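Asks: Model the structure of this input:
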Amino acid sequence: MCRVTDLRQAVLAKNDASARELRSCLAARGTAVVNLLSSPGSGKTALLEQELLRARERSVPVAALSADLATENDAVRLARSGVPVKQVLTDGLCHLEAGMLAGHLDGWLPDGTRLLFVENVGNLVCPATYDLGETLRVALASVTEGEDKPLKYPTAFGLAHLVVVTKTDLAEAVEFDEVAFRAHVEQVNPGVEIVMTSARRGRGIGALLDRAMAAADGAPVHTPVMAGQPRTPGHVHPHEHTHAHDDGHAHARPEADGAMAHTHP
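Replies: Modelled structure (predicted):
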């Protein structure tokens, strides 16, 4: 059991080192990363498309990278905004890692990009403990997913700098209990801001861009209580894991390990 824990720490330590290097490199270029985490079908892509359109209207130089197991559907949708977009197919990997992200940005990220929105793989487990060198980490949940989502996925919501609720135009139809949801978020991440949005109705559109720009300009972001918990052999965040291989060992994925990338102008 100790060996398994040590392997987890080794994988995460390697990723953390890559994340620090990427964060420093992007900061030197004046670019801040916004890491978006959610379940599949949360409305993340629809909201991001609207935020990218708002950024273009405001002449904010932004770009977006969308990660998925298969298909370029999300990148095609985001490219309608007219900003630089890149699709990364992860070849079965359920999350992005900092080294992978760095490999896909090399030679692609346009000079002068102020914000890079990273639409992580739709999954609230695997991506939760992997730092991507982000300045702002955002956890999203739709009203259709239920009020207890933060309690079911405490690491994803507990490490977020910002929580966004989507599809609020459906709240009445699905009997979404906003008070209960807020209480559950507060339980795992005390003090974090919650933004209510509806891409369909325009509610809250631009708020994510505003928060991201503020963070990029150096405004302090929320500090999750969970972020202060050390990664030690005796303490492992919920859902931390490695990928087991046939040789019985756990391995970190190398940069862009087998991933295929496609660029949309």
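Asks: What's the first helix or strand after the longest helix anywhere in the chain?
Replies: When the chain is parsed with DSSP state H, its longest helix is helix 2-29. Once the chain leaves helix 2-29, the next helix or strand it forms, by DSSP states H and E, is strand 32-37.
Asks: by contact count, what packs against that following strand?
Replies: Packing contacts for strand 32-37, counted by 3 or more Cβ pairs under 8 Å, 6 or more residues apart in numbering; DSSP states H and E, involve helix 2-29, strand 115-119, strand 136-142, helix 207-216. Glycine gets a C-beta too; all of them are placed from N, C-alpha and C.
Asks: Could you dump these into JSON lines and include distance to residue 156?
Replies: Converted to JSON lines, the helices and strands packed on strand 32-37 look like this (distance: least, Cβ to Cβ, whole Å):
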{"stretch": "helix 2-29", "distance to residue 156": "15"}
{"stretch": "strand 115-119", "distance to residue 156": "14"}
{"stretch": "strand 136-142", "distance to residue 156": "5"}
{"stretch": "helix 207-216", "distance to residue 156": "17"}
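Asks: Return the member of the ones you listed having the minimum mean pLDDT.
Replies: Among those, helix 2-29 carries the lowest mean pLDDT, at a mean of 85.
Asks: quick one: residue 111 and residue 87, what's the gap?
Replies: Residue 111 is 21 Å from residue 87, where distance means Cβ to Cβ, to the nearest Å.
Asks: Among those two, which residue is more densely surrounded?
Replies: Taking neighbours as other Cβ atoms under 10 Å, residue 111 and residue 87 compare with residue 87 leading, 24 against 8.
Asks: show me where the stretch 51-200 of the chain has helices.
Replies: Using DSSP state H, counting those that start in this stretch, the helices of the stretch 51-200 of the chain run over 73-79, 98-105, 149-152, 154-158, 178-188.
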